[in-house]
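*Asks:* How does the following fold in three dimensions:
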Amino acid sequence: MPKSIKYFFAVATLLVIGFLTRVWDVGTPNRVVFDEVYYGNFAAAYNCTGVRIFDMHPPHAKLLIAAAMRLSSYDCDYEFGGGGQPFAPGISIEKIRLVPALGGIAAVVIIFFLLIQLGAGIPAAFLGGLAIALDNALVLQSRVLNLDYALISGIFGGLLFYLLAEKQQAKWLKYLLCAVAGGFCGLALGAKLSGLIGLGMVALTIMLNRTESTRREIASSSLYVLLGFAFIFVGGWLIHFKLLVLPTNENLEKFVKPTGNLLVDFWKQNLLILSSQVKFQGTHPGTSPWWTWPLMYKSVHYGGMVFKGNPTVWLGSLLMGLFLLFQTKWQNLPKFSEVKKSPYFILVIGFLGSYLPYVSVTRTMLIWNYLTPLIFLILIVFTYLGQSHLKSLTTKSSIIVFCLIAATISLGFYLVSPLTYGGEEFRSTYKIAWDLDQLVKKFFGL
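*Replies:* Have a look, this model is predicted:
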């Protein structure tokens, strides 16, 4: 079978799975879920009131939600109330939730093609995409209003498009893809400050390949990445200032009132966001230590739904990661000049760079902060499988491994899905999840 046909069937299958898990019945529940009370009202401010707001995150992901509101003919008389409040009859929440849903589907395809660029091959890339498509935590985050859809798509989309750019012979196409990569990085940082890892990964990749390119090529690639980054990141802030022109309450106004100098206002707002992140002292019942996240110890409740990952994906990637760590023959490692050419090097740096900063954070943290490190770990695992056991499906053993992994990922999703979607089986599944949480808590003395 031609490789183009294999690509088509793999991508088409992932798109169908991504659509069914994220878009199907996305209007359910027809009520405000968890942080939708914040992001819904923030987006409504852009569309309706024009009153200045402040959030601990940049505006870009909320602007995309606001665009969906505009297209859905949002009723400006409606205000997102506390969690659990039903939506008014005229509110097409399914159209608004399409933004994170489509972002989640994009992430599935991005991971597939990123694994291809990392040398994994179609079978392993398909399984990596399947792990993203059928991870319950990622599915739930794609079905409610939040910022992670833009964060994840931006980080890994930026890395994908830069790797694609490196392989282009035509300079115009290479620099265009560099600009697109920079745009994705701008979207990632525009979602959350932790999205800076996206630009960092692209910058690291440029540095690692500097021996294979001339200084002029490196400078040109870097320039176009920065232009794309600035276009999206700065452009989002300009739209933010353009739409929010009315004063808010007196206490907040002294922080968010623009000076009229766009450069000063841009710098001031980003420093304010950084300061609020550092000084935040809020509490949450779902708070959990950073080192418990891979074990899914502490669930976050979404009112009838629970943020719980697919155990096959979360625990399986953790165990495989540990296996790869301990089976590495450290004393026989090649020189750094050879190590840095390995796809594992950039992925390990990405995992550590997106995970270790949380070690020093003392404020409230929730398990969804692990989503970016989790995806880097998934990339490591399936890159390894693609270069070892799943280079192709030409042997009986490779077919068995492929089917076994696909089946266990699917089974894990099925078992946890009542927590992801709610419904009649929610209570019994929740009890099992609660018992497992308590077992982990007792084992680690938490």
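
*Asks:* Can you show me the strands along the protein?
*Replies:* In the chain, strands defined by DSSP state E lie at 300-301, 306-307, listed in chain order.

*Asks:* Okay, buried residues for the longest helix along the chain please.
*Replies:* Using DSSP state H to define each element, the chain has its longest helix at helix 215-243. Along helix 215-243, the positions that meet the burial threshold by neighbour count (16 or more other C-beta atoms under 10 Å) are 217, 220-222, 224-226, 228-229, 232-233, 236-237, 239-241, 243. Placement of C-beta: from N, CA and C, glycine included.

*Asks:* tell me which strands and helices that helix is in contact with?
*Replies:* helix 60-71, helix 171-191, helix 196-208, helix 262-279 (3 or more C-beta pairs under 8 Å, 6 or more residues apart in numbering; DSSP states H and E).

*Asks:* Serialize these to a markdown table and add fields for distance to residue 153, mean neighbour count and mean pLDDT.
*Replies:* Shown next, in a markdown table, are the helices and strands packed on helix 215-243 (distance: least, C-beta to C-beta, whole Å; neighbours: other C-beta atoms under 10 Å; pLDDT from 0 to 100):
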| stretch | distance to residue 153 | mean neighbour count | mean pLDDT |
| --- | --- | --- | --- |
| helix 60-71 | 10 | 22 | 94 |
| helix 171-191 | 7 | 23 | 97 |
| helix 196-208 | 10 | 20 | 94 |
| helix 262-279 | 21 | 13 | 85 |
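
*Asks:* would you list those helices in TSV and tack on distance to residue 399?
*Replies:* What follows is the helices and strands packed on helix 215-243, written out as TSV (distance: least, C-beta to C-beta, whole Å):
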stretch	distance to residue 399
helix 60-71	41
helix 171-191	35
helix 196-208	34
helix 262-279	48
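
*Asks:* Out of those helices, flag the one nearest residue 395.
*Replies:* When these are ranked by distance to residue 395, counting by C-beta to C-beta, first place goes to helix 196-208 at 33.2 Å.

*Asks:* Tell me the gap between the longest helix of the chain and the middle of its chain.
*Replies:* Offset of helix 215-243 from its chain centre (C-alpha atoms, centre = their mean, to the nearest Å): 21 Å.

*Asks:* the inter-axis angle of it versus helix 196-208?
*Replies:* Angle of helix 215-243 versus helix 196-208, following axes from the mean of the first three to the mean of the last three C-alpha atoms, to 10 degrees, is 170 degrees.

*Asks:* Mind checking which residue lies nearest the centre of the protein?
*Replies:* Nearest to the mean C-alpha position of the chain, counting by C-alpha atoms, centre = their mean, stands residue 152 at 2.1 Å.

*Asks:* pLDDT value on the closest residue to that residue other than its chain neighbours, please?
*Replies:* With C-beta to C-beta, 6 or more residues apart in numbering as the criterion, residue 152 has its nearest non-adjacent residue at 5.0 Å, and that residue is residue 107. According to the model's per-residue confidence, residue 107 sits at a pLDDT of 98.

*Asks:* same thing with residue 219?
*Replies:* For residue 219, the pLDDT comes out at 90.

*Asks:* Then residue 400?
*Replies:* At residue 400, the model reports a pLDDT of 93.

*Asks:* And it, how far from residue 393?
*Replies:* Here the criterion is C-beta to C-beta, to the nearest Å. By it, residue 400 lies 10 Å from residue 393.

*Asks:* between these two, who's got more neighbours?
*Replies:* For residue 400 versus residue 393, the count of surrounding residues by other C-beta atoms under 10 Å is larger for residue 393: 16 against 12.

*Asks:* what's near enough to touch the residue nearest to the centre of the chain?
*Replies:* Residue 152 is in contact with 103, 107, 138, 371, 372, 375, counting by C-beta atoms under 8 Å, 6 or more residues apart in numbering.

*Asks:* for residue 255, what are its contacts?
*Replies:* With contact taken as C-beta under 8 Å, 6+ apart, residue 255 is in contact with 54, 272.

*Asks:* one more time with 6 Å, if that's ok
*Replies:* For residue 255, the set of contacting residues under the criterion of C-beta atoms under 6 Å, 6 or more residues apart in numbering consists of residue 272.

*Asks:* so what pLDDT did it get?
*Replies:* 78.

*Asks:* Please apply the same query to the one 5 residues further on.
*Replies:* The predicted local confidence for residue 260 comes out at a pLDDT of 80.

*Asks:* With residue 366 instead?
*Replies:* You'll see residue 366 listed with a pLDDT of 88.

*Asks:* can you list the domain ranges for this structure.
*Replies:* Described in terms of automatic domain parsing, the domain architecture of the chain consists of the residue ranges 3-273, 297-444.

*Asks:* Could you verify my assumption that residue 140 touches residue 421?
*Replies:* No - if you go by C-beta atoms under 6 Å, residue 140 and residue 421 don't touch, sitting 8.3 Å apart.

*Asks:* Neighbour count for the two, which is higher?
*Replies:* Between residue 140 and residue 421, counting by other C-beta under 10 Å, residue 140 is the more crowded of the two (28 against 20).

*Asks:* Find the nearest non-adjacent residue to that one, please.
*Replies:* Residue nearest to residue 140 in three dimensions, not counting chain neighbours: residue 420, with 5.0 Å by C-beta to C-beta, 6+ apart.

*Asks:* Check the gap between the one you found and residue 307 for me.
*Replies:* Relative to residue 307, residue 420 is positioned 9 Å away (C-beta to C-beta).

*Asks:* what's the overlap in contacts for the two?
*Replies:* Taking C-beta under 6 Å, 6+ apart as the contact rule, residue 420 and residue 307 both touch residue 140.

*Asks:* Show me which of those two is the more surrounded one.
*Replies:* Comparing residue 420 with residue 307 by other C-beta under 10 Å, the one with more neighbours is residue 420, at 25 against 22.

*Asks:* contacting residues around that one?
*Replies:* Remark: with contacts taken as C-beta under 6 Å, 6+ apart, residue 420 is in contact with 136, 139, 140.

*Asks:* how far does stretch 50-69 sit from the chain's center?
*Replies:* Distance of stretch 50-69 from the chain centroid (C-alpha atoms, centre = their mean) equals 18 Å.

*Asks:* Need the distance between the two termini of it.
*Replies:* For stretch 50-69, the first-to-last residue distance is 14 Å (C-alpha to C-alpha, to the nearest Å).

*Asks:* Need the residues that contact it.
*Replies:* Taking C-beta under 6 Å, 6+ apart as the criterion, the residues outside stretch 50-69 that touch it are 39, 42-43, 45-47, 96, 99, 145, 147, 150, 187, 190-192, 236, 239-240, 244-246, 248, 252, 256, 276-277.
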